[in-house]
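> Here is the input, now give the coordinates:
(one chain, ligands or ions: 1)
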Amino acid sequence: MENISLHLDKVYSFVPSENIVAYKEAAEKQNIALRDKSGKGNDFLGWVDLPSSISESLLEEVEKVSLKLQSKHLEVFVVIGIGGSYLGSKAVIDALSDSFAQIKGSFEAPLVVFAGQNISEDYLFELRDLLDNKEWACAIISKSGTTTEPALAFRLLKQDLEDKYGVEEARKRIIAITDESRGALKTLANEEGYKTFVIPDDVGGRYSVLTPVGLIAIAIAGFNVRELVNGAKSMELACGADVPFEENIAAQYAAARNALYKSGKKVEIMVNYNPKLHFFAEWWKQLYGESEGKELKGIFPASVDFSSDLHSMGQYIQEGERILFETVLSVENVNNEVLVPEDKADLDKLNFLAGKRVDYVNKMAELGTSIAHVDGGVPNIRISIPKLNEYYLGQLIYFFEIACGISGYILDVNPFDQPGVEAYKKNMFALLEKPGFEKETAEIKARL
Ligand code: PA5
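Coordinates of the predicted model:
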């Protein structure tokens with residue numbers, strides 16, 4: 001099997017390779033710190049050796065539970081969670097699914113949909129309306145067990161399941177994925193006797209896709225979690241602390257983005273040329289945004305879907321403020337073949353492409369765009385992915401996770417906490433007049 005690869009050649013005209021290599025020692029040191037747990041946030045480093053330490057019994061259990069649920073002829077499986085509790089599975093499922101799976105349906109696996117990732121009343125109304133006529137089950141995923149958005153969605157959907165199937169059968173259609181011993185969800189799961197999976201104590205939400213948080217939904221959607229884990233395992237080896245900087249793509253990526261940041265490039269845009277990767281970028285934005293954006297520091301992670309967004313954000317990227325760099329997810333081989341047909345009238349003047357693959361046109365758009373953006377002052381990092389499948393997605397996930405840890409340590413922040421997320425919660429609870437927030441309620445009301 002090949003590996004994903006990193007290409008920095010379109011960065012060097014902005015930041016010479018010496019400036020990137022200048023981070024070699026720091027990147028190697030920080031990679032070791034992640035392994036020997038000597039850096040900041042070291043009680044949240046369980047994900048570092050997660051791929052190689054996943055037990056056979058856990059994988060078997062994940063497969064068993066997904067088969068058991070599938071045997072109920074489910075049409076829909078609802079994953080209830082927010083942030084790290086849903087973005088990883090959404091990213092993998094979207095990347096591997098038929099773009100029109102929602103309309104075509106599938107006889108093999110249920111459609112996986114998401115809830116508790118927003119507080120939209122319309123979204124919940126429409127979801128419940130859909131579920132009313134479907135065979136369905138759900139997973140509630142929350143490490144803390146107290147997050148408002150998923151708790152609210154679960155409260156509604158649990159009642160719907162009980163109304164539809166009765167309390168006993170509803171219990172068999174709910175999986176709880178949460179902390180081993182703490183939190184309201186754990187208490188509820190124990191009381192109700194839900195099938196429960198544990199999120200390890202030392203794995204934070206955004207690093208948890210290779211735990212049951214991601215694996216259950218991905219397996220239920222019909223994808224091969226063993227291959228995902230195998231891909232991640234291969235990257236664990238390829239980006240190990242014993243792998244020298246010159247061969248270690250995670251260390252190089254961490255070094256390059258820190259060198260670019262130092263040179264004034266404050267925004268990193270993840271680019272894809274395949275809409276299936278839209279949510280992979282959403283997962284990546286959470287990973288890097290929550291890990292690095294603190295202490296008034298950090299690259300702002302953004303994303304675009306090309307070529308769609310070349311007709312919207314393309315203008316800014318080409319000619320706006322020169323604070324951007326791009327990281328392109330470039331898929332080498334697509335899974336299907338579509339040729340451009342000959343057209344007698346040729347009114348659109350596209351006959352010069354007749355017989356060519358659509359992917360060839362896409363690749364030329366990618367190459368042409370990267371050259372234009374580099375000419376316009378936007379450095380371009382390219383990550384080449386041989387093919388979109390479970391194995392290479394596993395590689396990508398681990399690559400970005402370990403690079404994020406190294407990069408955050410180089411930036412000298414704790415990449416494993418998210419203290420800034422609490423600020424909105426405090427205000428929301430104060431405005432909602434939650435018991436215990438009386439002082440905050442009075443304070444915030446005085447400001448309105
Ligand atoms: O990365 C993180 O830790 C967060 O984004 C969490 O995943 C998110 O806030 C959801 O938290 P919980 O799983 O506790 O409901």
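
> Backbone dihedrals for the residue of the stretch 151-300 of the chain found nearest the ligand, both of them.
Among the residues of the stretch 151-300 of the chain, Gly205 lies closest to the ligand, at 2.1 Å counting by C-beta to the nearest ligand atom. The C-beta positions use only the backbone N, C-alpha and C, and glycine is treated the same way. Main-chain torsions, Gly205, degrees, to the nearest 10: phi -50, psi -50.

> residues contacting the closest residue to Asn3 other than its chain neighbours?
Beyond its immediate neighbours in the sequence, the residue positioned closest to Asn3 (C-beta to C-beta, 6 or more residues apart in numbering) is Ala238, lying 5.9 Å away. For Ala238, the set of contacting residues under the criterion of C-beta atoms under 8 Å, 6 or more residues apart in numbering consists of 3, 248-249, 395.

> And the residues you listed, which two are furthest apart?
Asn248 and Gln395 (13.7 Å; C-beta to C-beta).

> Need the CA coordinates for stretch 418-436. CSV is fine.
In CSV, the C-alpha atoms belonging to stretch 418-436 read as follows (Å, rounded to 0.1, in the frame of the first residue of the first chain):
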residue,chain,number,x,y,z
GLN,A,418,-10.8,24.3,25.0
PRO,A,419,-11.4,26.8,27.8
GLY,A,420,-12.8,29.4,25.3
VAL,A,421,-15.8,27.2,24.6
GLU,A,422,-17.3,27.9,28.0
ALA,A,423,-17.9,31.6,27.5
TYR,A,424,-21.0,31.2,25.3
LYS,A,425,-22.4,28.5,27.6
LYS,A,426,-22.2,30.8,30.6
ASN,A,427,-24.1,33.5,28.8
MET,A,428,-26.7,31.1,27.3
PHE,A,429,-27.4,29.6,30.7
ALA,A,430,-27.7,33.1,32.3
LEU,A,431,-30.1,34.2,29.6
LEU,A,432,-32.1,31.0,29.9
GLU,A,433,-32.2,31.6,33.7
LYS,A,434,-30.8,28.2,34.5
PRO,A,435,-30.9,27.5,38.3
GLY,A,436,-27.5,28.3,39.8
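
> quick one: average pLDDT of it?
Confidence over stretch 418-436, taken as the mean pLDDT, stands at 94.

> now it, how far from the centre of its chain.
Between the mean C-alpha point of stretch 418-436 and the mean C-alpha point of its chain there is a distance of 25 Å (C-alpha atoms, centre = their mean, to the nearest Å).

> Tell me the buried residues in that stretch?
Neighbour counts using 16 or more other C-beta atoms under 10 Å place 418, 427, 429-430 of stretch 418-436 among the buried residues.

> Redo these as CSV? Include secondary structure and distance to Ala176.
Below are the buried residues of stretch 418-436 laid out as CSV (DSSP: H, G, I helix; E, B strand; the rest coil; distance: C-beta to C-beta, whole Å):
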residue, secondary structure, distance to Ala176
Gln418, coil, 23
Asn427, helix, 29
Phe429, helix, 24
Ala430, helix, 29
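
> Of these, which is the nearest to the ligand?
Of all the buried residues of stretch 418-436, the one sitting nearest the ligand is Gln418; the distance, using C-beta to the nearest ligand atom, is 5.7 Å.

> still on that earlier bit, list the contacts for the closest residue to the residue of the stretch 151-300 of the chain closest to the ligand other than its chain neighbours?
The shortest distance from Gly205 to any non-neighbouring residue, by C-beta to C-beta, 6+ apart, is to Gly84 (2.6 Å). Applying C-beta under 8 Å, 6+ apart, we find Gly84 in contact with 143, 204-209, 213, 286.

> Give me the buried entries from these.
The buried subset of the contacts of Gly84 - by 16+ other C-beta under 10 Å - is 143, 204-209, 213, 286.

> circling back to that earlier point, compare neighbour counts for Asn248 and Gln395 and give me the winner.
With neighbours defined as other C-beta atoms under 10 Å, Asn248 and Gln395 compare such that Gln395 has more, 28 against 25.

> so that one touches Gly231, yeah?
Yes: taking C-beta atoms under 8 Å as the definition, Gln395 is a contact partner of Gly231 at 4.3 Å.

> which residues are common contacts for those two?
With the criterion set as C-beta under 8 Å, 6+ apart, the contacts of Gln395 and Gly231 do not overlap.

> near the ligand, which residues of the stretch 1-150 of the chain?
The stretch 1-150 of the chain has residues 82-85, 142-144, 147, 150 near the ligand, with proximity defined as C-beta under 6 Å from any ligand atom.
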